[in-house]
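>>> Here is a sequence with its predicted model. Questions after.
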Amino acid sequence: MERTSPYISGAHTCYELACIPQPAQDTPTKNTEKGMSTHELAITPRADDYSQWYLDTIQAAQLADYSPVKGCMVIRPMGYAIWEAIQKDLDRRFKETGHTNAYFPLFIPQSFLSREAEHVEGFAKECALVTHHRLRSTTVDGKAAVEPDPDSRLEEPLVVRPTSETIIWHMYRRWIDSHRDLPLLINQWANVVRWEMKTRPFLRTAEFLWQEGHTAHANSREAIEETLRMLQVYSDFAHELLALPVVSGRKSSSERFAGAVDTYCIEAMMQNGWALQAGTSHFLGQNFARAFDVTFQDTDGRRRLVWATSWGVSTRLIGAMIMAHSDDKGLVAPPAVAPFQVVITPIWKGASKKLQVLEYCERLKAELSSAFRVHLDDRDNIKPGAKYYEWERKGVPLRLEVGPRDMARENVFVARRIDAKKFPLSIHGIRSSIRQELDSIQLKMLQMATEKRESNTHRLADYDTFKNQVAQQSGWYLVPWYDDAREEAAIKAETRATLRCFPLEGQEEAKGLSCFKTGRPATHMAIFARAY
RNA sequence: CGGGGUGUAGCGCAGCCUGGUAGCGCACCUGCUUUGGGAGCAGGGGGCCGGCGGUUCGAAUCCGCCCACCCCGACCA
């Protein structure tokens, strides 16, 4: 296998890039078993190696592939379909809350990044720069090659956006003059680049897809309301579409977004008990307005700095979804975002039956297609069993097996991905019974994840117990806390657990309690956990 | 960026120690027969052994440098 230069001819499509990682030596051997289909990779069980299981599942379900550029990834059609479902639903929610979409450029003048001190501090270390605008031909070791043309060096290097606050606030200065221009509520769907040291498909890649909302308001109250409104949008979305029972909270000062006054988040629990930040919403105060001199004339005639928010979710959500729900057989996709919600697998005996069964299946597909994302798997080079394994691996919520027996009884035979249950359903009223099934799967997935989160959330009051327990038992730890960045850093150093957030609900419990670390009067209830 | 590991056909591996120009299983292609949980038989295609350099008559194999990926840290969505 070509590893260092898997560039491919133009006749191929990008998702066929071949650059599969080798398992580390210590990981359990995965043998290719007889009957495994095209390019299939065996999946390491979660109990053996959770990280490897995650990577195997992505390969096996064909969600993504590695790119020739370190830290980047190719999102394959099965993965991109999930992103499209996420985009479609979130975009609707953004529009319903009064936002409009726009697009700001990929390139940002280098000087813009130095305008807001904390923002610089936060992003400077992971920025990609464009320094030239032209290549020229040359030869290296006698072979044709290209190199940057020295004559094309840019006066001022361009930064590939790690986030767009700076370019957006540069523009907002031109667009905002009066209180009548506010609030300004803009979202953009875009890619951003952060040159990460350590990457992992979907969870952390050098380039990723996301949306970033940037709003400007006349006063702080409205901006804070907007921050919390969008946090609620994210929470509703995560519960309803991804079946992720996220916890909404506020970040401590050390976990806050560079340049924000307050950062709010939704945190999701993965099956290994680790936490994953699945979305953020920031109250930026007047920091960017000050840095980019964005003022408006208020009703009293005076000029004031505007108040700002920004909020975003990324393709990381796909990683969260995979890690929260999938099993040792592969992906388990929530029906609301599954690329295919229903797959029909025909079963026949002999050529004449084949035609009849396929015709029956076509009619079934036509009936269901108006309401669901349906695929009829009519391949005749593999047996039905092989199809079952394939679609299970790819996370399809419902499989309809249709053979002569089902035809005779006017049934379809249903297999459910989440619990492997199988049962017949009448084709009469099939659309509404499938609707019910998918709805119940969606709900069940949220319930299972919620139970898992609750049973792995531990309440503790003293640090020694915490230290012992967090080393052996992963999960979230809800503790009374006296907010202190130095103590927080000490806990991270000692236990690797970090302060995920102060949950928005239940803060009143902290009253009268002592901090589990220092014994001082608790200021917050805090969640500590290992995190991605 | 530090510590550890791995790179041989799409995937999983053998060959390397003891240099002689690459093999196995699955997958893939063609044909026929098959299809209620990973089909059978027959025939066939595909790899300059991650890259560059060195040693040698000759390098997948020995030596050096580099690159990529995975794991554990530091940093982060």
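Thanks, I have the structure now.

>>> hmm, the top helix by length along chain A in reach of RNA strand B?
The helix spanning the most residues in chain A, taking DSSP state H as the definition, is helix A:430-455. No: taking C-beta under 7 Å from any atom of the strand as the criterion, helix A:430-455 and RNA strand B are apart, separated by no less than 14.8 Å. To be clear about C-beta, it is placed using only N, CA and C from the backbone, and glycine gets the same treatment.

>>> Report all helices and strands that that helix contacts.
strand A:262-269, helix A:316-325, helix A:350-369, strand A:398-402, strand A:411-416, strand A:422-426 (3 or more C-beta pairs under 8 Å, 6 or more residues apart in numbering; DSSP states H and E).

>>> Make a markdown table from the ones you listed and add mean neighbour count and mean pLDDT to it.
Below are these laid out as a markdown table (neighbours: other C-beta atoms under 10 Å; pLDDT from 0 to 100):
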| stretch | mean neighbour count | mean pLDDT |
| --- | --- | --- |
| strand A:262-269 | 26 | 96 |
| helix A:316-325 | 25 | 95 |
| helix A:350-369 | 15 | 93 |
| strand A:398-402 | 24 | 97 |
| strand A:411-416 | 20 | 97 |
| strand A:422-426 | 13 | 97 |
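
>>> wait, which of those is closest to A:Gln59?
Each of the helices and strands packed on helix A:430-455 has some distance to A:Gln59 by C-beta to C-beta; the shortest is helix A:316-325, at 11.6 Å.

>>> just the angle between the closest one and helix A:430-455, please?
Helix A:316-325 and helix A:430-455 meet at an angle of 80 degrees, taking axes from the mean of the first three to the mean of the last three C-alpha atoms, to 10 degrees as the criterion.

>>> Show me what the mean pLDDT comes to for the helix or strand containing A:Gly385.
Secondary structure assignment for A:Gly385, by DSSP states H and E: helix A:384-393. Throughout helix A:384-393, pLDDT has a mean value of 93.

>>> What is that helix packed up against?
strand A:342-346, strand A:398-402.

>>> Parallel or antiparallel, which strands does the first one pair with?
Meaning strand A:342-346. strand A:374-376 (parallel), strand A:398-402 (parallel) (DSSP bridges).

>>> I'd like to know which of the ones you listed is closest to A:Phe94.
That would be, of the strands paired with strand A:342-346 and by C-beta to C-beta, strand A:374-376, which comes in at 28.4 Å.

>>> What residues of the closest one count as buried?
Of all the residues in strand A:374-376, those buried under the rule 16 or more other C-beta atoms under 10 Å are A:374-376.

>>> Other residues contacting it?
A:340-344, A:346, A:361-362, A:365, A:368, A:396 (C-beta atoms under 8 Å, 6 or more residues apart in numbering).

>>> who are the neighbours in contact with the most centrally placed residue in chain A?
In chain A, the centroid-proximal residue (C-alpha atoms, centre = their mean) is A:Leu317; its distance is 1.5 Å. Going by C-beta under 8 Å, 6+ apart, A:Leu317 touches A:86, A:238, A:242, A:278-279.

>>> Spit out the contact partners of the residue lying closest to A:Met407 once chain neighbours are set aside.
Nearest non-adjacent residue to A:Met407, counting by C-beta to C-beta, 6 or more residues apart in numbering: A:Tyr360, 5.3 Å away. Applying C-beta under 8 Å, 6+ apart to A:Tyr360 gives the contacts A:346, A:402, A:407.

>>> quick one: the last one is in a helix?
Yes: A:Met407 sits within a helix when classified using DSSP: H, G, I helix; E, B strand; the rest coil.

>>> quick one: it and A:Gln356 touch, right?
Yes: when contacts are counted by C-beta atoms under 8 Å, A:Met407 is listed as touching A:Gln356 (6.9 Å).

>>> Least confident secondary structure element in chain A?
Each helix and strand of chain A was given a mean pLDDT (mean pLDDT, DSSP states H and E); the minimum falls on strand A:143-148 at a mean of 72.

>>> do the helix or strand containing A:Glu488 and RNA strand B meet?
If you go by DSSP H and E, A:Glu488 is part of helix A:485-495. Yes: interface with RNA strand B: helix A:485-495 contributes A:492-493 (C-beta under 7 Å from any atom of the strand).

>>> Identify the bridge partners of A:Val342.
A:Val374, A:Leu398.

>>> How about A:Trp311: what's its closest non-neighbour residue?
A:Ser281 (3.9 Å).

>>> which residues touch A:Asn101?
A:Asn101 makes contacts with A:91, A:94, A:186-189, as judged by C-beta under 8 Å, 6+ apart.

>>> Nearest to RNA strand B among those residues?
A:Trp189 (14.9 Å; C-beta to the nearest atom of the strand).

>>> if we can go back for a sec, now tabulate the helices and strands packed on helix A:430-455 in a markdown table and tack on distance to A:Gln232.
What follows is the helices and strands packed on helix A:430-455, written out as a markdown table (distance: least, C-beta to C-beta, whole Å):
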| stretch | distance to A:Gln232 |
| --- | --- |
| strand A:262-269 | 10 |
| helix A:316-325 | 16 |
| helix A:350-369 | 34 |
| strand A:398-402 | 31 |
| strand A:411-416 | 32 |
| strand A:422-426 | 37 |
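
>>> Turn the ones you listed into JSON lines, including distance to RNA strand B.
Converted to JSON lines, the helices and strands packed on helix A:430-455 look like this (distance: least, C-beta to the nearest atom of the strand, whole Å):
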{"stretch": "strand A:262-269", "distance to RNA strand B": "7"}
{"stretch": "helix A:316-325", "distance to RNA strand B": "4"}
{"stretch": "helix A:350-369", "distance to RNA strand B": "6"}
{"stretch": "strand A:398-402", "distance to RNA strand B": "4"}
{"stretch": "strand A:411-416", "distance to RNA strand B": "4"}
{"stretch": "strand A:422-426", "distance to RNA strand B": "6"}
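
>>> which non-adjacent residue is nearest A:Ala485?
A:Ser254 (5.0 Å).

>>> That neighbour: neighbour count?
Applying other C-beta atoms under 10 Å, we find 12 residues neighbouring A:Ser254.

>>> which stretches of the stretch 51-200 of chain A have low pLDDT?
Where the stretch 51-200 of chain A drops to pLDDT under 70, the residues are A:140-144.

>>> What parts of it come near RNA strand B?
Going by C-beta under 7 Å from any atom of the strand, the residues of the stretch 51-200 of chain A near RNA strand B are A:51-52, A:55, A:66, A:69-71, A:122, A:125-126, A:141, A:194, A:196-200.

>>> do the stretch 251-400 of chain A as well
Residues of the stretch 251-400 of chain A lying near RNA strand B (C-beta under 7 Å from any atom of the strand): A:255, A:257-258, A:277, A:280, A:314-316, A:347-350, A:354, A:380-386, A:388-390, A:392.

>>> Mind checking which of the residues you listed are buried?
Buried, going by 16+ other C-beta under 10 Å: A:255, A:257-258, A:277, A:280, A:314-316, A:347-348, A:354, A:386, A:388-390, A:392, out of these.

>>> wait, which of the residues you listed is closest to A:Ile430?
Distances from A:Ile430 to those, taken by C-beta to C-beta, are shortest for A:Ile347, at 17.6 Å.

>>> Tell me the spatial nearest neighbour of the closest one, not counting adjacent residues.
Spatial nearest neighbour of A:Ile347, excluding adjacent residues (C-beta to C-beta, 6+ apart): A:Gly403 at 3.5 Å.

>>> A:Glu226 too?
A:Thr309 (4.9 Å).

>>> pretty sure the one you found contacts A:Leu228?
No: the pair A:Thr309 / A:Leu228 is not scored as a contact, 9.4 Å apart, by C-beta under 8 Å.

>>> neighbour-wise, which of those two wins?
A:Thr309 (30 against 18).

>>> what helix or strand is that one on?
Going by DSSP H and E, A:Thr309 is in strand A:307-314.

>>> helices and strands around that strand, which ones?
If you count contacts as 3+ C-beta pairs under 8 Å, 6+ apart, strand A:307-314 packs onto strand A:207-217, helix A:220-240, strand A:275-285, helix A:287-291.

>>> Please consider this matter closed, and thank you.
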